[in-house]
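S.K.: Sharing a model that was predicted from the sequence below.
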Amino acid sequence: MVRVRLIEIAHARSGDKGDTANVGLIARKPEHYPVLLREVTAERVKQHFGSRCTGPVERFELPNIGALNFLLHGALGGGGTLSLRVDAQGKTLGAALLRMEVDVSQDEL
């Protein structure tokens, strides 16, 4: 097993709905999707964002497109119209998730 950042096996998009950030994680290759399923759990995403996300994290699987979708509740300081955060709409959270490290076997790369 080797440790890689998610950016090596996935790309991401993110946005918001109120105080909830939406982060989509898409496998770069079909063989990377099982790695995402195994390594990128709701618990690990919550841990990765730490105190930035005050509510629960939900994970939704989209196997037909090789993707995962995460809802990070309480991650935007109240949302775009209420928050004083620099990124009150969660546009950079996808890039932040791509910094997370995961374990991948050589044949999964």
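M.R.: The structure has been received and is ready for your questions. Numbers count the residues shown, from 1 in each chain.
S.K.: Please, where are all the helices along the chain?
M.R.: With helices called from DSSP state H, the chain shows them at 33-39, 42-49, 93-97.
S.K.: List the buried residues for the longest one?
M.R.: Of the residues in helix 42-49, those buried by neighbour count under the rule 16 or more other C-beta atoms under 10 Å are 42, 45-46, 48-49. (Glycine included, C-beta is placed from N, CA and C.)
S.K.: And for the last one?
M.R.: Buried positions in helix 93-97, judged by neighbour count with 16+ other C-beta under 10 Å: 93-94, 96-97.
S.K.: circling back to that earlier point, just the closest of the buried residues of helix 42-49 to residue 58, please.
M.R.: Nearest to residue 58 out of the buried residues of helix 42-49 is residue 42 (C-beta to C-beta; 6.3 Å).
S.K.: Can you give me the neighbour number for residue 107?
M.R.: As a burial measure, residue 107 scores 6 neighbours (other C-beta atoms under 10 Å).
S.K.: For residue 28, give me its contacts.
M.R.: 8-11 (C-beta atoms under 8 Å, 6 or more residues apart in numbering).
S.K.: Now with 10 Å, please.
M.R.: Residue 28 sits next to 6-11, 66 when contact means C-beta atoms under 10 Å, 6 or more residues apart in numbering.
S.K.: quick one: which of these sit in strands?
M.R.: Per DSSP state E, strands hold the following members of the contacts of residue 28: 10-11.
S.K.: thought residue 44 was touching residue 103?
M.R.: No: counting by C-beta atoms under 10 Å, no contact exists between residue 44 and residue 103, whose distance comes to 11.3 Å.
S.K.: got the buried residues for stretch 26-35?
M.R.: 26-27, 32-33, 35.
S.K.: Pipe those into CSV and attach pLDDT per row.
M.R.: Converted to CSV, the buried residues of stretch 26-35 look like this (pLDDT from 0 to 100):
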residue, pLDDT
26, 98
27, 98
32, 97
33, 98
35, 98
